[in-house]
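[1] Test case, fold it:
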Amino acid sequence: MIRPGNRLLVWFLVCSFVFFVVAVIVEEFALFDSEEEMQRDDASGGVFQQEGAADGPVSATASRMARGDHPALTSRQLRLVSTTWPPFIDAPGKPRFALELVDAALERMGIGAQAIVLDEGELSSALLNGAFDGSAAVWKDEAREGSMLYSKPYLENRLILVGRGGSDVSATSLSGLAGIRIALADGHAYAEMAEQTDGPVFIRSDSDEDSVAKLLDGEVDYALMDDLVVQYLISKHGEEARSRLVFGTAPLLNRSLHLAVRRSLPDADSIISRFDAEVRAMMADRTYHRLLLLDWIRTDVDGDGLVENLPHANRTGPDPPEHIYELFLSGGPSMEPGMAQRFYLDGDIYEDWSAVPVQYKTLDSGGPDPDPRTVNTFSFVW
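    Prediction:
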């Protein structure tokens, strides 16, 4: 005979078990519906390559950030599509400057992002048919202006002519290099250049390092490389680069890079405006230097229409910088001949090098290198 107290215990256990079973069934159906919805949203039928699937998420989530600013985006990440475009977009472990900059800015805004890579020929249709929220790195395109909202430029794609020591690198256009053998790293964004019938003879290389190797071995006459890679060569391989290579000063191609999102995306205007603000803040707090592996950048950091020079660390050494990467050569203020060199340090602007306080003109002595940036992104062999 079951006592009244034990009978209540039995009923409690039975009810708890039933509740548990019902909860499991409901959760399973919810997961099934979620997966089915994701498959319907993927217009590619699942053929898109999602970067970082085996190596962890490509973009950091915003778990540390306040999520109340974009309520329409808190339930999922932005799905951003791009093409392979070294050194701006590439596989994990390789230079991917644009993707890392955009990822860092969105993370600071509290927005997660998922990066997906397509073939060049599929990019425009994927953006226009609404299968994705936007792209982390695109040139402006009139065909997409009606449906896409673009950020201000956050970088420029500038291709520089590189030759062996003593070569003439004064060309200002590709048309002046007809018939010349030029190494160009594989990247679908440059396909239109390779198709020029009256331009150079492009020799495809596996990477920028391979382009330099082909150039030094005499397999090609020149190499065409992005200005960011040229700055890295000069900064990290100064002696070898100056003695064995020569670099052009006029970009043979110069186009601005933008974050683009669908105009129909909830809070699209707010996303772009906040992204633009974060970009400027990242320049001022040296996030740009770290992610681009640059010692000095030049840009209008305070929005006054004049450019300033920003170092990657407060202690710059006793001499003014020899090489400064100008972020933007077109579409905004730039350094003109005869203009005074202005310097931005710790939130203050100094009108020339002589006005920079002496405490900034020292170097750390002893101890580990204070520069935490990765310096092995490229592996040039001399």
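[2] Which stretches in the stretch 51-200 of the chain count as helices?
    Taking DSSP state H, counting those that start in this stretch, the helices of the stretch 51-200 of the chain run over residues 97-109, 120-128, 142-145, 191-194.
[3] Turn those into JSON lines, including mean neighbour count, mean pLDDT and distance to Arg298.
    (Glycine included, C-beta is placed from N, CA and C.) Shown next, in JSON lines, are those (neighbours: other Cβ atoms under 10 Å; pLDDT from 0 to 100; distance: least, Cβ to Cβ, whole Å):
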{"stretch": "helix 97-109", "mean neighbour count": "23", "mean pLDDT": "93", "distance to Arg298": "17"}
{"stretch": "helix 120-128", "mean neighbour count": "17", "mean pLDDT": "72", "distance to Arg298": "31"}
{"stretch": "helix 142-145", "mean neighbour count": "12", "mean pLDDT": "80", "distance to Arg298": "29"}
{"stretch": "helix 191-194", "mean neighbour count": "14", "mean pLDDT": "59", "distance to Arg298": "27"}
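[4] closest one to Thr362 among these?
    Nearest of the helices of the stretch 51-200 of the chain to Thr362, taken as Cβ to Cβ: helix 97-109 at 29.4 Å.
[5] what helices or strands is that closest one leaning on?
    strand 78-83, strand 113-118, strand 134-138, strand 155-164, strand 253-262, helix 268-284, helix 287-292 (3 or more Cβ pairs under 8 Å, 6 or more residues apart in numbering; DSSP states H and E).
[6] my guess is Leu127 meets Val81, correct?
    Yes: taking Cβ atoms under 8 Å as the definition, Leu127 is a contact partner of Val81 at 6.8 Å.
[7] quick one: contacts for the residue nearest to Asp206 when sequence neighbours are not counted?
    Excluding its sequence neighbours, the residue lying closest to Asp206 (Cβ to Cβ, 6 or more residues apart in numbering) is Asp186, at 6.6 Å. Residues near Asp186 by Cβ atoms under 8 Å, 6 or more residues apart in numbering: Thr84, Pro86, Arg204, Ser205, Asp206, Ser207.
[8] Enumerate every residue touching Pro321.
    Contacts for Pro321 (Cβ under 8 Å, 6+ apart) come out as Asp295, Trp296, Asn309, Pro311.
[9] Domain-wise, how is the protein divided?
    Per automatic domain parsing, the structural domains of the chain span 49-155+255-284, 158-253, 293-360.
[10] quick revisit: show me which pair in the contacts of Asp186 is furthest apart.
    Greatest spatial distance in the contacts of Asp186: Thr84 and Ser205, 14.2 Å, computed using Cβ to Cβ.
[11] Could you name every residue contacting both of Leu127 and Val81?
    Taking Cβ under 8 Å, 6+ apart as the criterion, Leu127 and Val81 both touch Gly134, Ser135.
[12] Just the buried residues of stretch 340-349, please?
    Gln341, Arg342, Phe343, Tyr344, Leu345 (16 or more other Cβ atoms under 10 Å).
[13] picking up where we left off before, out of the contacts of Asp186, which comes closest to Asp141?
    Asp141 has its nearest neighbour among the contacts of Asp186 in Thr84, at 18.1 Å by Cβ to Cβ.
[14] Surely Pro311 touches Asp295?
    Yes: counting by Cβ under 8 Å, Pro311 touches Asp295, with 6.9 Å between them.
[15] Now for these two: what residues contact both?
    Contacts common to Pro311 and Asp295, judged by Cβ under 8 Å, 6+ apart, are His289, Pro321.
[16] In contact with the residue lying closest to Val169 once chain neighbours are set aside, which residues?
    Distances taken as Cβ to Cβ, 6+ apart put Gly248 closest to Val169, at 3.9 Å, once the chain neighbours are dropped. Gly248 is in contact with Ile160, Leu161, Val162, Gly163, Val169, Ser170, Ala171, counting by Cβ under 8 Å, 6+ apart.
[17] Give me the spatial nearest neighbour of the third one, chain neighbours excluded.
    The reference is to Val162. Spatial nearest neighbour of Val162, chain neighbours left out: Ala223 (4.5 Å); criterion: Cβ to Cβ, 6+ apart.
[18] The one you found and Ala213 touch, don't they?
    No: with contact defined as Cβ under 8 Å, Ala223 and Ala213 do not form a contacting pair (9.5 Å).
[19] More neighbours: which of these two?
    Under the neighbour definition other Cβ atoms under 10 Å, Ala223 and Ala213 were set side by side, and Ala223 has more, 28 against 19.
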